[in-house]
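Enquirer: output the structure for:
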Amino acid sequence: MKIEKIYALLIVITLSACGEQVAGPGAVAETASRQLNPGDQTIAEIYNRSCRSCHTVAATGAPLTGDIAAWRPRLDKGMSTLLDNVINGFAGMPPLGLCMDCDVEQFEALIQFMAAGE
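Expert: This is a model prediction of the structure:
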């Protein structure tokens, strides 16, 4: 009788899994981006309060932290263009990226971290 219960349990588990959706590449990238944090404590604090909320959620349209393919075309425009976009705002990104007390060096460090995920 024990073996029958085990088989019944396996059937229930198997059938219940049929309705579950497998995470797509966007969900995998989001999960990966959420695991990343800058090594520099000051930059990490800024990132966590000002950048993380958009750059770890694919639905925002912001390039995900560590998504090198998404960051490459942006980096190709040059750091001065990226800094201008951060400072003045661009598309859905608010001016100063929600960091009103950041300086240019900190913005550059944040961009480099998010682009590389390191």
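
Enquirer: make it CA atoms for all contacts and neighbour counts henceforth
Expert: Will do.

Enquirer: you'd agree I87 is up against G97?
Expert: Yes. Using Cα atoms under 8 Å, I87 is in contact with G97, at 7.1 Å.

Enquirer: let's verify R52: helix, strand, or coil?
Expert: With DSSP: H, G, I helix; E, B strand; the rest coil as the basis, R52 sits in helix.

Enquirer: can you count the residues close to it?
Expert: 19 (other Cα atoms under 10 Å).

Enquirer: cool, the one 10 residues further on as well?
Expert: Other residues within reach of A62 by the criterion other Cα under 10 Å amount to 18.

Enquirer: next up, the contacts around it.
Expert: The contact partners of A62, by Cα atoms under 8 Å, 6 or more residues apart in numbering, come to 54-55, 92-93.

Enquirer: now with 10 Å?
Expert: Applying Cα atoms under 10 Å, 6 or more residues apart in numbering to A62 gives the contacts 51, 53-56, 70-71, 91-93.

Enquirer: now the residue positioned nearest the centre of the chain. Its backbone dihedrals?
Expert: Note on the chain: the residue nearest the mean C-alpha position is T56, at 2.4 Å, using Cα atoms, centre = their mean. Backbone torsions of T56, given as degrees, to the nearest 10, read phi -130, psi 10.

Enquirer: ditto for F90
Expert: Taking degrees, to the nearest 10, you get phi -160, psi 130 for the backbone angles of F90.
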